[in-house]
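Undergrad: dropping the sequence and predicted coords here.
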Amino acid sequence: MPCPFVGSMNQAFVRNYGGALMKQYGNFCPIISRGFRSLGVDETKCPFIQNNPIISDAPKEMTEDIKEAPAYKYENFFNDQINAKKKDYSYRVFRKVSRLAADGAYPQALEGAENRRVTVWCANDYLGASRHPVVKDAAISAIKSYGTGAGGTRNIAGNSQMTEKLEYELAKLHKKPAALIFSSCFVANDATLSTLAKILPGCIVYSDAGNHASMIQGIRNSRAQKHIFRHNDPSHLKELLAASPEGVPKLVVFETVHSMSGAICPLEEMCNIAHEYGALTFVDEVHAVGLYGKHGAGIGEERGIEDHIDIVSGTLGKAFGNVGGYIAGSSLLIDTVRSLAPGFIFTTALPPPVLAGSLAAIRLLASEEGRSLRAKHQAIVRYLKLSLLIAGLPQLPSVSHIVPVPITGADKVALVAESLMRRGHYVQAINYPTVARGEERLRFAPGPYHTTEMIDSLITALIESFHENNISFNEFMKNGACRECSMEYKVDIGYQEPLKYPKIAA
């Protein structure tokens, strides 16, 4: 007679685990629990089980106790990974820095457990929008009315009116029919590119060699065929496109303002070449939105060629002072991404204070006050560049608001950053994988609330930090880096007082 209990189970399960099951749970069996164990009877010899062909035919090893395999030494592996990062100085240490928002305190921050005041030079809150009273008040009001969270995805928790207002405002800013908001611009780039390049039949992607990791990941995730053209090189792009098959969907992907070098792409030429060969342009304006153009729409607006960009991506987390990312383009394209991109569909919506704060910031920077902030911003950037030049300190050529100071070696750049922090100036050392090994740098992003006195103090601290760490000023002058960029400074920067810095020995 077969066991009525085992017989009711899945046969494959009983074949593999019946013996072990009865050893572990035999006391629940009405036969075994009535004294079989007290007689020293092996539970697997239960007469009901023995009469069950599933068990009797099972291999012996299937009815024995399951032995645990030795576990992989996960913690040892993780320890080795971290030690390798520390050895090559690419291990990141997050500084405890709390940026202040009050008038008279910004752009300072409280650093460390002692809450020591330092001046922040590397935040991407380029125009101080995060601390503007209009933006703060909008966020606070939204919290009081709608709370702090979105409650889930837009599909499940509902699509708030503020979300639709913000998307409408972004579409209007970029002169596009529609826009779509994401939780970050990393997600916006990844989700959009991976979705479009995957669904367009036979799509080929042409990617700038200097593209941000978010775009690179989106292209990889699509598994589409790709070609990489030299950074900001239209002729190489044309060469690659000319060799492409006709009638095949193509995406040309690049940035306007490069985040680490400050270079600005030849936007019109690259868009024209892409369209000549039937490609769509995907242009990342993350480090340009809010900062360029009459209304802060970016390089496309500044140069009057917004219509050349098919898909523009931007961020709410830099010049707009909040968090989140977005794309803008045609209504059908946006609806396609909205309907098919997992990075959008399965992500919690932006919360009410972020939506309200972002909307207020976009309107602020599109106004006359925004234009005034941009003018002050550009003036203080020119002052820093000229100050570095006069002091004989190295800087990479940059025509944008980003000011990179090269310091070769991850160990060296970290030492200079630490020296600056001790002198009251916070700037993060940039090393691999953000930049290639051997291209380490400090990346300065001065804003309209930095003063000339702050810059004078920074330059003095930089000079002292270079000397303290035995870093030569003149190696960069010899290779022509500073000579190449010096032409930019033959302009009136609007300051009457002469700049005075310690004379550097040859």
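TA: Received it, and whenever you're ready, just let me know what you need.
Undergrad: pretty sure Gly218 sits in a helix.
TA: Yes. The assignment for Gly218 is a helix, going by DSSP: H, G, I helix; E, B strand; the rest coil.
Undergrad: that one against Phe186, yeah?
TA: No. Gly218 is not in contact with Phe186 according to CB atoms under 8 Å; the separation is 9.2 Å. For glycine as for every other residue, the C-beta is placed from the backbone atoms N, C-alpha and C.
Undergrad: quick one, which of these two is more surrounded?
TA: Gly218 (31 against 20; other CB atoms under 10 Å).
Undergrad: quick check: pLDDT value at that one.
TA: Model confidence at Gly218, given as pLDDT, is 97.
Undergrad: OK, contacts around it?
TA: Asn189, Asp190, Ala191, Thr192, Leu193, Ser194, Ala197 (CB atoms under 8 Å, 6 or more residues apart in numbering).
Undergrad: likewise Lys176?
TA: Val312, Ala328, Gly329, Ser330.
Undergrad: would you map the strands across the stretch 101-250 of the chain?
TA: Along the stretch 101-250 of the chain, counting by DSSP state E, counting those that start in this stretch, strands occupy 108-111, 116-120, 178-182, 204-208, 225-229, 250-255.
Undergrad: mutual contacts of Gly218 and Phe186, please.
TA: By CB under 8 Å, 6+ apart, no residue touches both Gly218 and Phe186.
Undergrad: just the ones in helices from the contacts of Lys176, please.
TA: Counting by DSSP state H, none of the members of those fall within helices.
Undergrad: and which of the residues you listed is nearest to Ala341?
TA: Gly329 (13.0 Å; CB to CB).
Undergrad: hey, what's that closest one bridged with?
TA: Counting by DSSP bridges, Gly329 forms beta bridges with Ala178.
Undergrad: I'd assumed Val312 was in contact with it.
TA: Yes. If you go by CB under 8 Å, Gly329 and Val312 touch, sitting 7.1 Å apart.
Undergrad: so between these two, which is more surrounded?
TA: Taking other CB under 10 Å, Gly329 and Val312 do not tie; Val312 has more neighbours (28 against 25).
Undergrad: quick one: pLDDT of that one?
TA: For Val312, pLDDT reads 98.
Undergrad: residues touching it, list them.
TA: Listed by CB under 8 Å, 6+ apart, the contact partners of Val312 are His174, Lys176, Val283, Glu285, Gly298, Gly300, Glu306, Ile327, Ala328, Gly329.
Undergrad: let's see it at 10 Å
TA: 170, 173-176, 179, 256, 281-286, 288-289, 297-298, 300, 306, 326-329 (CB atoms under 10 Å, 6 or more residues apart in numbering).
Undergrad: ok, Tyr326 to Ser387 distance?
TA: 36 Å (CB to CB, to the nearest Å).
Undergrad: what helix or strand does Leu462 sit in?
TA: Using DSSP states H and E, Leu462 sits within helix 452-468.
Undergrad: quick check: buried residues in stretch 255-270?
TA: Neighbour-count burial for stretch 255-270 flags 255-265, 267, 270 (criterion: 16 or more other CB atoms under 10 Å).
Undergrad: quick check: Pro234 touching Tyr206?
TA: No. Contact criterion CB atoms under 10 Å: Pro234 and Tyr206 do not qualify, at 11.4 Å.
Undergrad: selecting buried members of the contacts of Gly218 in PyMOL, what would you type?
TA: PyMOL command restricting the contacts of Gly218 to the buried ones, with burial defined by 16+ other CB under 10 Å:
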select buried, resi 189+190+191+192+193+194+197
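Undergrad: of the contacts of Gly218, which belong to helices?
TA: Short answer: those in helices (DSSP H) are Asn189, Asp190, Ala191, Thr192, Leu193, Ser194, Ala197.
Undergrad: wait, what's in contact with the closest residue in space to the third one that isn't next to it in sequence?
TA: In space, not counting the residues next to it along the chain, Ala191 is nearest to Gly343; the distance is 2.9 Å by CB to CB, 6 or more residues apart in numbering. With contact taken as CB under 10 Å, 6+ apart, Gly343 is in contact with 182-184, 186-192, 194-195, 218, 221, 337.
Undergrad: distance of Gly343 relative to Asn322?
TA: 19 Å.
Undergrad: ditto for Pro133
TA: Taking CB to CB, one finds Pro133 at 15 Å from Asn322.
Undergrad: between the two, which one's more packed in?
TA: Asn322 (25 against 11).
Undergrad: next, that one: phi, psi?
TA: Main-chain torsions, Asn322, degrees, to the nearest 10: phi -130, psi -130.
Undergrad: that one touches Leu365, doesn't it?
TA: No. Assessed by CB under 10 Å, Asn322 is found out of contact with Leu365, at 11.8 Å.
Undergrad: what is in contact with these two at once?
TA: Residues touching both Asn322 and Leu365 (CB under 10 Å, 6+ apart): Ala129, Val135.
Undergrad: and the closest residue to Leu170 other than its chain neighbours, how many neighbours?
TA: Spatially, and ignoring its direct neighbours in sequence, Leu170 is nearest to Ala179 (3.9 Å; CB to CB, 6+ apart). For Ala179, the neighbour count with other CB under 10 Å is 21.
Undergrad: ok, of the contacts of Gly343, which one's closest to Ile82?
TA: When those are compared against Ile82 (criterion: CB to CB), the nearest one is Phe186, at 23.4 Å.
Undergrad: identify the contacts common to Gly329 and Val312.
TA: His174, Lys176, Ala179, Thr281, Phe282.
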